[in-house]
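Visitor: let's see this in three dimensions:
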Amino acid sequence: MTRAIIFDLDGTLVDSCGVCISILEDMIADRGADCAIDRVHARSFMSRGGEKMVAALLGDACRDPAKDLQEFRARYSEVKTPASALYEGVAEGLADLAARKFTLAICSNKPQTLCEKALLDTGIARFFPVVVGSSASFAPKPAPDLLLQTLALLGVRSGQCAYVGDSELDHQVASEASIPFYFLTYGYAEIGWTPAESRSFDHFTLLTSDLCLGRTILAA
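Guide: Numbers count the residues shown, from 1 in each chain. Predicted coordinates:
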């Protein structure tokens with residue numbers, strides 16, 4: 001049996017909201033704008049796409065969403081994501097999955113270089129032989145491009161893996177690719193949203209326990 005598990009990154013393994021807000025607050029301060037970011041409200045924008053996020057959270061300090069996103073990402077590349085940004089149980093859970101010979105991959109809308117940096121910063125890069133982030137070569141989720149590229153690099157079919165995510169976007173792309181979806185409730189989905197016909201978990205260790213007990217829908 002091929003046991004490949006593909007993970008989204010932000011909101012699934014790493015709570016990047018704090019880092020993003022800090023960068024955007026610095027941009028607001030540097031522009032001399034008089035606006036503040038509501039940290040609770042900000043969470044729902046973490047999975048809506050970069051331009052929408054910066055436009056919404058910069059507020060009156062937003063000049064041009066596309067150029068603001070470029071600046072945001074440039075600043076992000078200079079900021080270290082602390083290991084404390086990992087959700088509880090992630091480091092231990094990934095180690096357990098790797099020890100049990102699961103093949104692990106990342107499929108994220110975060111730019112490739114920032115994916116790789118966040119994984120290195122938080123100390124979990126060693127668990128992921130395949131990392132697929134956004135680039136000019138592939139359309140972002142919910143288009144299937146990134147997920148199909150992940151499958152190709154893993155060398156598996158859609159029925160031989162599972163996709164783990166935290167948002168409506170993740171569920172949509174998994175459904176369209178006919179990949180079983182596992183939902184982590186603590187991420188950036190709209191409050192109260194639950195995916196149909198998917199297993200849901202409130203803690204990462206509950207997910208890894210489920211996977212290690214063989215309750216997944218993986219085909220040989």
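Visitor: so which bits of the lowest-mean-pLDDT helix or strand in the chain are buried?
Guide: The least trusted helix or strand in the chain, going by mean pLDDT, DSSP states H and E, turns out to be helix 39-43, with a mean of 90. In terms of neighbour count (16 or more other C-beta atoms under 10 Å), helix 39-43 has its buried residues at 42-43. Backbone N, C-alpha and C define where each C-beta goes, glycine included.
Visitor: which residues touch it?
Guide: Residues outside helix 39-43 that contact it (C-beta atoms under 8 Å, 6 or more residues apart in numbering): 17, 20-21, 57, 188.
Visitor: ok, stretch 170-186 next?
Guide: For stretch 170-186, the external contacting residues (C-beta under 8 Å, 6+ apart) are 6, 8, 11-12, 47, 87, 141-144, 146-148, 151, 158-159, 161-166, 189, 194-195, 198-204, 207, 210, 216-218.
Visitor: and the end-to-end length of that stretch?
Guide: End-to-end span of stretch 170-186 (C-alpha to C-alpha, to the nearest Å): 14 Å.
Visitor: what are the buried residues along it?
Guide: Buried-residue list, stretch 170-186, by 16+ other C-beta under 10 Å: 170-175, 177, 179-184.
Visitor: of the residues you listed, closest to Leu94?
Guide: Top of the list for closeness to Leu94, among the buried residues of stretch 170-186 and by C-beta to C-beta, is Leu184 at 13.3 Å.
Visitor: skip the chain neighbours and tell me the closest residue to that closest one.
Guide: Asp166 (4.8 Å; C-beta to C-beta, 6 or more residues apart in numbering).
Visitor: given the strand of greatest length in the chain, what are its sheet partners and their directions?
Guide: Looking across the chain with DSSP state E, the single longest strand is strand 103-111. Strand 103-111 pairs in its sheet with strand 4-7 (parallel), strand 130-134 (parallel), by DSSP bridges.
Visitor: what's the following helix or strand after that strand?
Guide: helix 112-122 (DSSP states H and E).
Visitor: low-confidence stretches in the chain?
Guide: Residues of the chain meeting the criterion pLDDT under 70: 1-2, 215-220.
Visitor: re earlier: narrow the contacts of stretch 170-186 to those in strands?
Guide: Per DSSP E, the subset of these in strands is 6, 161-165, 199-201.
Visitor: now these in JSON lines, with distance to Lys67 and neighbour count?
Guide: Compiled in JSON lines, the ones in strands among the contacts of stretch 170-186 are given as follows (distance: C-beta to C-beta, whole Å; neighbours: other C-beta atoms under 10 Å):
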{"residue": "Ile6", "distance to Lys67": "32", "neighbour count": "28"}
{"residue": "Cys161", "distance to Lys67": "37", "neighbour count": "27"}
{"residue": "Ala162", "distance to Lys67": "38", "neighbour count": "23"}
{"residue": "Tyr163", "distance to Lys67": "32", "neighbour count": "28"}
{"residue": "Val164", "distance to Lys67": "33", "neighbour count": "25"}
{"residue": "Gly165", "distance to Lys67": "29", "neighbour count": "31"}
{"residue": "Arg199", "distance to Lys67": "41", "neighbour count": "17"}
{"residue": "Ser200", "distance to Lys67": "38", "neighbour count": "13"}
{"residue": "Phe201", "distance to Lys67": "38", "neighbour count": "18"}
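Visitor: out of those residues, who's nearest Glu78?
Guide: For those, the nearest to Glu78 is Gly165 (27.5 Å; C-beta to C-beta).
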